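# Quick one, structure for this:
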Amino acid sequence: MSTQETTWAIDPTHSKIGFKVKHLMISNVLGSFREFEGEVSTVGNDFSKSVISFSLNTASIDTEIADRDGHLRSGDFFDAENFPKITFTGSGLKDLGDDLYELNGDLTIKGISNPIKLSVELGGVNSDPWGNVKAGFSITGKINRKDWGLTWNAALETGGVLVGDEVKINCDVELVKKA
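The predicted structure is shown next:
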């Protein structure tokens with residue numbers, strides 16, 4: 001096994017950073033961020049001791065509804081003008097067996113950092129036809145948006161609220177080993 005430090009970068013053309021949140025307490029709104037970047041440092045191909053840095057462009061939010069995306073970029077939610085980046089830093093993956101891992105790190109939204117725990121499944125490591133070594137991961141988790149000051153909501157006449165507090169994170173990430 002290699003003890004040499006290896007750097008991996010997110011391949012944005014084969015990755016998706018997604019989320020979903022309850023709407024009207026009865027259905028889910030799905031969304032993603034179109035612009036993001038990240039880097040992972042490992043020892044060889046051992047991701048258990050990795051150091052992870054990730055950021056996304058807050059203004060790149062996409063729920064496929066322009067008016068809603070504009071509202072999410074506003075001060076009611078992400079305040080993209082004043083807080084253009086959401087960041088995540090993590091150290092190491094706790095191996096749970098069967099290619100399943102637990103990832104702990106700090107998520108920063110609107111200048112507020114909180115620890116989060118994510119579930120990670122390693123899809124594998126393989127080479128593409130051009131000789132690039134790739135690693136694939138599925139990442140899931142959930143957060144309470146209020147922990148980051150995302151508190152805007154509207155009460156419903158029938159009881160309940162327009163937007164749920166729990167946000168489910170669902171990402172598929174392909175990393176490419178840097179030469």
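
# drop to CA atoms for contacts and neighbour counts, all remaining ones
Will do.

# And the strands in this protein?
5-10, 16-23, 27-33, 36-43, 46-57, 61-62, 85-97, 100-109, 112-127, 133-144, 163-177 (DSSP state E).

# Redo these as CSV? Include mean pLDDT, distance to Asp79 and mean neighbour count.
Shown next, in CSV, are the strands of the chain (pLDDT from 0 to 100; distance: least, Cα to Cα, whole Å; neighbours: other Cα atoms under 10 Å):
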stretch, mean pLDDT, distance to Asp79, mean neighbour count
strand 5-10, 94, 25, 19
strand 16-23, 92, 18, 19
strand 27-33, 93, 15, 16
strand 36-43, 94, 17, 19
strand 46-57, 91, 12, 18
strand 61-62, 97, 12, 20
strand 85-97, 91, 10, 18
strand 100-109, 96, 10, 19
strand 112-127, 95, 13, 15
strand 133-144, 96, 18, 18
strand 163-177, 94, 17, 20
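
# The ones you listed into CSV, with extra columns for distance to Asp69?
Below are the strands of the chain laid out as CSV (distance: least, Cα to Cα, whole Å):
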stretch, distance to Asp69
strand 5-10, 24
strand 16-23, 13
strand 27-33, 9
strand 36-43, 17
strand 46-57, 13
strand 61-62, 6
strand 85-97, 16
strand 100-109, 17
strand 112-127, 21
strand 133-144, 20
strand 163-177, 14
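
# and Asn132, what does it touch?
176-177 (Cα atoms under 8 Å, 6 or more residues apart in numbering).

# how far away is it from Asp165?
Going from Asn132 to Asp165 by Cα to Cα, to the nearest Å gives 40 Å.

# ditto for Gly44
Applying Cα to Cα, the value for Gly44 to Asp165 is 39 Å.

# next one: Glu39
Distance from Glu39 to Asp165, by Cα to Cα: 29 Å.

# Phi first, then psi, for the residue nearest to Ser74 when sequence neighbours are not counted.
Distance criterion Cα to Cα, 6 or more residues apart in numbering; nearest residue to Ser74, sequence neighbours excluded, is Ala80 at 6.5 Å. Torsion angles at Ala80 (phi, psi; degrees, to the nearest 10) stand at phi -60, psi -30.
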